[in-house]
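# following is a predicted model, sequence given first.
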Amino acid sequence: MRVDVVSIFPEYLAPLDLSLIGKARANGTLRLAVHDLRSWTHDVHRTVDDTPYGGGPGMVMRPEPWGDALDALAPPELTPDGLTPDGLARPRLLVPSPAGEPFTQAMAHELATESHLLFACGRYEGIDQRVLDHAATRMRVTEVSLGDYVLFGGEVAVLVILEAVTRLLPGVLGNAGSLDEESHAHGLLEAPMYTKPAAWRGHEVPEVLRSGDHGRIARWRRDEALVRTVTRRPDMFAALDPASLDKRDRAALDRAGFQVPPGDVAK
Ligand code: 6GU
């Protein structure tokens, strides 16, 4: 996968050299380039912002440097087969913003299928809307939010999104099975995990996990996942299909004080 990131703080993306993302870059799974927006300014002060039309606090990023940056990284001219001159498809433009659509594991899976992602990191009160409107005439544009809070800019969101997406790329995780069991894989939070020693500071690992009985262990983990999800994330629990909850699921929830309304019961 090719990834370009445009920011006025390229140093903010330095952690992308580390750990498993750094390894994916080193072995070519991830071809990542970080660009300084100011390299597309033409005035001596390298200006990227100005006051908002209509008034109000803060500053807005001017459209001209962004237009030139996107022209350079997603060339406007296409060959007859619909590819850019370097033989690639147009990138998917991602614009981190607290006003965007929520970033989820499902979106991470979708992004992991793209061949080229282009991130435009806004700062201040955001980027002039015409940049996004114009880009949308050429490529798919998605404004994406990490959650219901406000950050100074999109750089941290790029770190988060790239970490979630990179670990889904083929060959990045040694044990692909761990993708299937982790939190959010099936609409449930994951059960707690333990390792040795069996007793530590007076706290013991649950007996069932030491029993070697794989059926009981799977049942215990599902019960824990269900109870965690209903208590911590009632929104995720409400999104589950009640018909996917069998009698033993309902009994576990009942023991924790949550009654599932009768209805279709999975066998
Ligand atoms: Cl993606 N950007 C900014 N600036 N603030 C945010 C966010 C993104 N997600 C939540 N808050």
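Yep, it's here.

# CA atoms for contacts and neighbours, from now on please.
Will do.

# C-alpha coordinates for stretch 162-175, CSV please?
Extracted in CSV, the C-alpha atoms of stretch 162-175 (Å, rounded to 0.1, in the frame of the first residue of the first chain):
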residue,chain,number,x,y,z
LEU,A,162,-2.3,4.0,10.0
GLU,A,163,-1.6,1.8,13.0
ALA,A,164,-5.1,0.2,12.7
VAL,A,165,-4.8,-0.2,9.0
THR,A,166,-1.2,-1.5,8.8
ARG,A,167,-1.8,-4.4,11.1
LEU,A,168,-4.5,-5.6,8.8
LEU,A,169,-2.2,-5.7,5.7
PRO,A,170,-1.3,-9.2,4.6
GLY,A,171,1.9,-10.4,6.3
VAL,A,172,2.2,-7.7,8.9
LEU,A,173,1.0,-9.8,11.9
GLY,A,174,2.8,-13.0,12.5
ASN,A,175,-0.3,-14.7,13.8
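
# flag every buried residue along it.
Within stretch 162-175, the residues scored as buried using 16 or more other C-alpha atoms under 10 Å are 162, 164-169, 172.

# what's the nearest residue to Thr79 once chain neighbours are set aside sitting at in phi/psi?
Of all residues not flanking Thr79 in the chain, Pro85 sits nearest, at 6.3 Å (C-alpha to C-alpha, 6 or more residues apart in numbering). Backbone dihedrals for Pro85, given as degrees, to the nearest 10, come out at phi -60, psi -30.

# how about Pro85, what does it touch?
Contacts for Pro85 (C-alpha atoms under 8 Å, 6 or more residues apart in numbering) come out as 75, 77-79.

# surely Ser244 and Arg250 touch.
No. Between Ser244 and Arg250 there is no contact under C-alpha atoms under 8 Å: 10.3 Å.

# between the two, which one's more packed in?
Arg250 (20 against 12; other C-alpha atoms under 10 Å).

# so which strand or helix has that one?
Using DSSP states H and E, Arg250 sits within helix 247-255.

# and that helix, what does it pack onto?
Helices and strands touching helix 247-255, as assessed by 3 or more C-alpha pairs under 8 Å, 6 or more residues apart in numbering; DSSP states H and E, comprise helix 214-232.

# those residues of the protein touching the ligand, which are they?
96-98, 144-154, 157 (C-alpha under 6 Å from any ligand atom).

# how does it look with 8 Å?
Selection of the chain residues close to the ligand by C-alpha under 8 Å from any ligand atom yields 95-100, 122-123, 126, 143-158.

# and the buried residues of stretch 162-175 as a markdown table, adding secondary structure, distance to His184 and pLDDT?
Formatted as a markdown table, those follow (DSSP: H, G, I helix; E, B strand; the rest coil; distance: C-alpha to C-alpha, whole Å; pLDDT from 0 to 100):
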| residue | secondary structure | distance to His184 | pLDDT |
| --- | --- | --- | --- |
| Leu162 | helix | 17 | 96 |
| Ala164 | helix | 12 | 96 |
| Val165 | helix | 14 | 97 |
| Thr166 | helix | 16 | 95 |
| Arg167 | coil | 14 | 94 |
| Leu168 | coil | 13 | 95 |
| Leu169 | coil | 17 | 95 |
| Val172 | coil | 19 | 90 |
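
# going by distance to the ligand, which of these wins?
Using C-alpha to the nearest ligand atom, Leu162 comes nearest to the ligand of the buried residues of stretch 162-175, at 12.2 Å.

# show the contacting residues for the closest one.
No contacts exist for Leu162 under C-alpha under 8 Å, 6+ apart.

# separation between it and Arg123?
19 Å (C-alpha to C-alpha, to the nearest Å).
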